[in-house]
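Trainee: Quick one, structure for this:
(2 chains)
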Amino acid sequence: MSFDTIASYMPLLLQGALVTVQVTALSFVISTLLGLLLALMTVSKVAPVALAGRSIVNVIRGLPIIVQLFYIYFVLPEFGIDLTAFQAGVIGLGVAYSAYQAENFRAGIEAIDPGQVEAAESLGMKSAKVMRRVVLPQALRIALPPYGNTLVMMLKDSSLVSTITVAEMTRQGQLIAASTFDNLTVYTLVALLYLALSLPLTFMLRRVEKRFAIGGKR
Amino acid sequence: MITIEALHKKFGETPVLKGVDLRVERGEVICLIGPSGSGKSTLLRCINGLERYDDGIVEVLGTPVDRDKKSIHEIRTQVSMVFQRFNLFPHRSVLENVMEGPLHVQKRPLAQVREEAQALLDKVGLGHRGDAYPQQLSGGQQQRVAIARALAMKPKAILFDEPTSALDPELVGEVLKVMRNLAAEGMTMVVVTHEMGFAREVADKVCFLHDGRLVESGPPEQVLGAPEHPRTREFLRRILDSGDAP
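Mentor: Have a look, this model is predicted:
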């Protein structure tokens, strides 16, 4: 494990790290938006909407992420939907994690004191405004710690998209290891690079949680 | 202003209101008293549609109260509510709590709303705490903010649901004082309360509920001083025994 070999592996690994960050960030955005939509569906007072929301969440949660990725990348083209590996990876990971995000948000929404809704209603707010101005701002603060956890998990699980040939960090590591047989150096570097991404992220999330705590300093 | 006729309400199979009639005129202060479980809070909550009712008439300013109709939102801006547990919005400052309704429901201009909200906080003695968050205040202070929030809607009437029951005894007075002032200004108020001293002093009419029925109602000196119904007498005696009365 010499300095020269490390230096020769790093450019490809760092390229991979960039893709890892991109996949994580984009699929996190998708999972957040889709998860919020699903959460709002599951708490809806309209029974068919709530049922649809719960069903979608359960189906997504019931499938291995890798199977969802394969389905999007290998099966959808048969129906005329051709996606690049990167697109399929981002969408697949985003959809797969939307179910967990939905559960985070739902738990936050259901933790809100019903008295809050009554107070908002008694000011004459309609239900959409009650949700937007009173329930969601509090629910999202409650959901923030698990939300941050999900981001860290997605950073690590973005390595799954290597199975559909997205050239993220794990995939780059595999390719280098396969050609050099230097497994020790390569996978140690890959592991250290993941830590270099996830540890600062965890630290940063802790700061964000503190800042957004109710009554916290802004 | 508020008309209730033959109001019936069940929770599941359990009847909680068994035909209640009540009229509230403009400027009147009505105190609803009675043992817990007698239906007084439920009656109050039917007035602004926080509860559905099964049968009878509830009208506010001539409009039937139906929480599934669009008119309910307009009714609620006319009839404000103060809750036992305050229910202030913890994610907004005290001033923002007071501004919430006029600004985001009534869509009145910001500068005017801010000025009025500040004046209302001054009025309840909390003008200097506008930037605080509700959880930084005592219970009595929170309830005074809740009253300011209700007033900010410029309501025609305010409903109070046991406004002092969640307070430490030494904080009850400051809230009652604010309510007394409102009554003196002519605000129409319906108050569910166990504060017999307040009822005696401020109410135009005291209504005693027992087991879902309005058993006795009239001026406080009559209902509290010389109750006709044995249930009323028993209730008042028990309250006196517990040392709750003046």
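
Trainee: For the longest helix along chain A, give the mean pLDDT please.
Mentor: Secondary structure of chain A per DSSP state H: the longest helix is helix A:3-42. Mean pLDDT, helix A:3-42: 95.

Trainee: Determine the set of other helices and strands touching that helix.
Mentor: Identification of packing neighbours for helix A:3-42 by 3 or more CB pairs under 8 Å, 6 or more residues apart in numbering or on different chains; DSSP states H and E yields helix A:47-61, helix A:85-110, helix A:136-157, helix A:169-180, helix A:183-212. To be clear about C-beta, it is placed using only N, CA and C from the backbone, and glycine gets the same treatment.

Trainee: Around chain A, pick out the residues from chain B.
Mentor: With CB under 8 Å from any CB of the partner chain as the criterion, chain B meets chain A at residues B:48, B:50, B:73-74, B:76-77, B:80-81, B:83, B:85, B:87-91, B:100-101, B:104-106, B:133, B:135-136, B:149, B:153.

Trainee: in terms of contact, does A:V152 touch A:S198 like I think?
Mentor: Yes. Under the contact definition of CB atoms under 8 Å, A:V152 touches A:S198, with a separation of 5.6 Å.

Trainee: Any regions of chain B where pLDDT drops low?
Mentor: Low-confidence segments of chain B, defined by pLDDT under 70: B:243-246.

Trainee: mind listing the helices for it?
Mentor: Ranges of helices within chain B are B:40-47, B:71-78, B:94-104, B:110-123, B:139-152, B:169-184, B:196-202, B:220, B:230-241, based on DSSP H.

Trainee: Can you pull up the most central residue in chain B?
Mentor: B:F160 (1.2 Å; CA atoms, centre = their mean).

Trainee: same question, chain A
Mentor: In chain A, the C-alpha closest to the average C-alpha coordinate belongs to A:F28, at a distance of 3.8 Å (CA atoms, centre = their mean).

Trainee: In contact with that residue: list those residues for me.
Mentor: By CB atoms under 8 Å, 6 or more residues apart in numbering or on different chains, the residues touching A:F28 are A:G94, A:Y97, A:T150, A:L151, A:M154.

Trainee: Can I get the residues you listed in TSV including neighbour count and pLDDT?
Mentor: TSV is the format used below for the contacts of A:F28 (neighbours: other CB atoms under 10 Å in any protein chain shown; pLDDT from 0 to 100):
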residue	neighbour count	pLDDT
A:G94	22	97
A:Y97	24	97
A:T150	21	96
A:L151	21	96
A:M154	22	97
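
Trainee: Number of residues surrounding residue 13?
Mentor: Went with chain A since none was named. Taking other CB atoms under 10 Å in any protein chain shown as the neighbour definition, A:L13 ends up with a count of 21.

Trainee: ah, no, chain B please
Mentor: Counted with other CB under 10 Å, the neighbours of B:E13 add up to 5.

Trainee: The one 10 residues further on now?
Mentor: Under the neighbour criterion other CB under 10 Å, B:R23 is assigned a count of 13.

Trainee: Poorly predicted segments of chain A, please.
Mentor: Confidence mapping of chain A against pLDDT under 70 gives the ranges A:1, A:214-218.

Trainee: and it, which of its residues are near chain B?
Mentor: A:113, A:115-116, A:118-126, A:129, A:133-134, A:137-138, A:141, A:214-215.

Trainee: again, only this time at 6 Å
Mentor: Counting by CB under 6 Å from any CB of the partner chain, the positions of chain A adjacent to chain B are A:115, A:118-119, A:122-126, A:134, A:137-138, A:214-215.

Trainee: Buried ones only from the residues you listed, please, as a PyMOL command.
Mentor: Burial among these is assessed by 16 or more other CB atoms under 10 Å in any protein chain shown; the matching PyMOL selection reads:
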select buried, chain A and resi 118+119+122+123+124+125+134+137+138
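
Trainee: In the residues of chain A next to chain B, find the pair that's most separated.
Mentor: Put simply, by CB to CB the two of the residues of chain A next to chain B set farthest apart are A:K126 and A:G215, 27.5 Å from each other.

Trainee: tell me which element A:I81 falls in.
Mentor: Secondary structure assignment for A:I81, by DSSP states H and E: no helix or strand.

Trainee: residues near it, how many?
Mentor: Going by other CB under 10 Å, the residues that sit close to A:I81 add up to 10.

Trainee: What's the separation between it and A:F74?
Mentor: Taking CB to CB, to the nearest Å as the measure, A:I81 and A:F74 are separated by 11 Å.

Trainee: Could you do A:K156 as well?
Mentor: Computed as CB to CB, the A:K156 to A:F74 distance reads 23 Å.

Trainee: Those two: who's more crowded?
Mentor: Neighbours of A:K156 and A:F74, each counted by other CB under 10 Å, are more numerous for A:K156; the result is 14 against 11.

Trainee: Now do the contacts for B:H73.
Mentor: For B:H73, the contacting residues are A:G124, A:K126, taking CB atoms under 6 Å, 6 or more residues apart in numbering or on different chains as the criterion.

Trainee: List phi and psi for B:F83.
Mentor: Geometry field for B:F83 lists phi and psi as phi -100, psi 160, criterion degrees, to the nearest 10.

Trainee: correct me, but it touches B:E162?
Mentor: No. Checked against CB atoms under 6 Å, the pair B:F83 and B:E162 is beyond contact range at 8.4 Å.

Trainee: just the helices and strands packed on helix A:3-42: most buried one?
Mentor: When you average the neighbours per residue for each of those (mean count of other CB atoms under 10 Å in any protein chain shown), helix A:85-110 leads with a mean of 22.
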